[in-house]
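**Student:** Okay, predicted coordinates and the sequence, questions at the end:
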Amino acid sequence: MAPGFSKILIVGAGPAGQLLGLLLAKENIDVTILDQADKLDENPRATHYASPAMRVLNLAGVGDEMREKGFAPNNVAWRKLDGTFIAGLDNESQKDSLERMIALPLDQLGRVLYDHSKKFFSIKYLFNHKVISIGQDEKMAWVNVEKIAGSGETTRFEADYIVGCDGANSIIRRSLFGDWEFPGRTWDEQIVATNVYYPFEKYNYSDSNFIIDAVHWHMAAKITKDGMWRVTYGELPGLTRDELLARQPDKFKTILPGNPDPDYTLVNVSPYKVHQRLAKSLRVGRFLLAADAAHLCNPFGGLGLTGGIVDVGGLYECLKGIYTNVADDSILDVYSNVRRKRYLEVVDPISSANLRRMFAIPPDEVLEKDDFLKLCKQCETDKELEQKMAEVRVLML
């Protein structure tokens, strides 16, 4: 075999790629992770890991550390702009479960996964390695990689299978299907995500809150034990990044309870556009896609993050089956078909409804017109229904 040969090559050292690598390394399956950056991503990004994701993270052996470092949300509410409660759910039925939702900024999960990976000789990380082209034949797949140290040196890495976990702009997906072939849509609405310290508890806010308003719709969710909150709000389409940043102080004065001016500590702010997109296939021969490289959705409800982690869990089981001789590689087609079906039937419609719910119906009418919030309202007096809804949330991905 070539010096750069691995059984599995993963492109992308984000949490999805690292999680897959760790799971495979625990089975003593040789894996190499390539990333064009010079270190792990330190941006906090997504935060909430629902029960289906926690099941996979527990399997990888990192669940205990996540529970130690992270925050376990107790409840979620939908509110009017003035904070008036409309409906909500709590996690009482899951309070003792190892699969209970945990909030932990994504960069912290990345560090946890990296530290756990150091225990295994079968996993190797290579930073400053940029994929510039790909290829495959009936025996193997390969990537040609440029080292980003300025040397111009190109190296070929070969593997039985190559997995693209390299995010929304995945070079693996673009190499397989073309730069612009990522079916779906982009929302007209723009999003601004912020991390902020502010005493939402003083105003009786829940751990997670979705604010319904035609103009000032937003989400406010506690994400760390020390009281940092993620506030993500909608903005007008067509504004530049500088314009969005300039509008942030006035926006906070309008949407934060108590209308502070500016009695908060802003940690960071990041405007971005949101997409609902799904690759045409998650398998092309010996190449595979997972997480954001495979599909995108808006952040409201955390289905993108949780769905990506469930991708990784399913792909791990398939690859493990191949290397333990209990399955042939046709199981990878099953992976692609199942995960695409889950996106089309669950992730896309539910995440889209989560976003539209925040601005499409006047808050005084939403309980009459939104079937999901009707169920949430019933759960306040029907604990059996609440338990059933919790069970459905666990199984749906």
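**Tutor:** Happy to help now that I have it.
**Student:** ok, residues contacting stretch 152-162?
**Tutor:** 1-2, 4-11, 32, 34, 129, 132, 134, 136, 140-147, 172, 286-288, 319, 332 (CB atoms under 8 Å, 6 or more residues apart in numbering). Every residue, glycine included, has its C-beta placed from N, CA and C.
**Student:** Give me the buried subset of these.
**Tutor:** 4-11, 32, 34, 129, 134, 136, 140-143, 145-147, 172, 286-288, 319, 332 (16 or more other CB atoms under 10 Å).
**Student:** Could you pull up the mean pLDDT of stretch 345-358?
**Tutor:** For stretch 345-358, mean pLDDT is 95.
**Student:** and what of stretch 182-189?
**Tutor:** 94.
**Student:** got any ranges where the stretch 151-300 of the chain has weak pLDDT?
**Tutor:** For the stretch 151-300 of the chain, the stretches with pLDDT under 70 are 151.
**Student:** Just to check, residue 373 is in contact with residue 79?
**Tutor:** No: taking contacts as CB atoms under 8 Å, residue 373 lies outside contact range of residue 79: 11.3 Å.
**Student:** that older thread, in strands, which of the buried ones among the contacts of stretch 152-162 appear?
**Tutor:** Counting by DSSP state E, the part of the buried ones among the contacts of stretch 152-162 found in strands is 5-11, 32, 34, 129, 134, 136, 141-143, 145-147, 287-288.
**Student:** Count the neighbours of the closest residue to residue 91 other than its chain neighbours for me.
**Tutor:** Leaving out its chain neighbours, the residue that sits closest to residue 91 by CB to CB, 6 or more residues apart in numbering is residue 74, at 5.7 Å. Counted with other CB atoms under 10 Å, the neighbours of residue 74 add up to 16.
**Student:** what about the nearest residue to residue 8 once chain neighbours are set aside, distance to residue 319?
**Tutor:** Among residues not flanking residue 8 along the chain, residue 31 sits closest, at 4.4 Å (CB to CB, 6+ apart). Residue 31 is 9 Å from residue 319, where distance means CB to CB, to the nearest Å.
**Student:** Kindly report the same for residue 181.
**Tutor:** In terms of CB to CB, residue 181 sits 25 Å off from residue 319.
**Student:** mind listing what residue 235 touches?
**Tutor:** 189-192, 244, 247, 251, 271.
**Student:** wouldn't residue 38 be in contact with residue 128 here?
**Tutor:** Yes: Residue 38 lies in contact with residue 128 (CB under 8 Å); the separation is 5.3 Å.
**Student:** Name the residue in those two with the higher neighbour count.
**Tutor:** Using other CB under 10 Å, the more surrounded residue of residue 38 and residue 128 is residue 128, with 16 against 9.
**Student:** Number of residues surrounding the nearest residue to the more buried one once chain neighbours are set aside?
**Tutor:** Closest residue in space to residue 128, ignoring its immediate chain neighbours: residue 148 at 4.4 Å, by CB to CB, 6+ apart. By the criterion of other CB under 10 Å, residue 148 has 14 neighbours.
**Student:** follow-up on the earlier one: list residues touching both of residue 31 and residue 319?
**Tutor:** Shared contacts of residue 31 and residue 319, counting by CB under 8 Å, 6+ apart, come down to 8, 24.
**Student:** I'd like the distance between residue 233 and residue 254.
**Tutor:** 9 Å.
**Student:** So between those two, which is more surrounded?
**Tutor:** residue 233 (23 against 14).
**Student:** you'd agree the more buried one is in a helix?
**Tutor:** No: counting by DSSP: H, G, I helix; E, B strand; the rest coil, residue 233 falls outside a helix, being strand.
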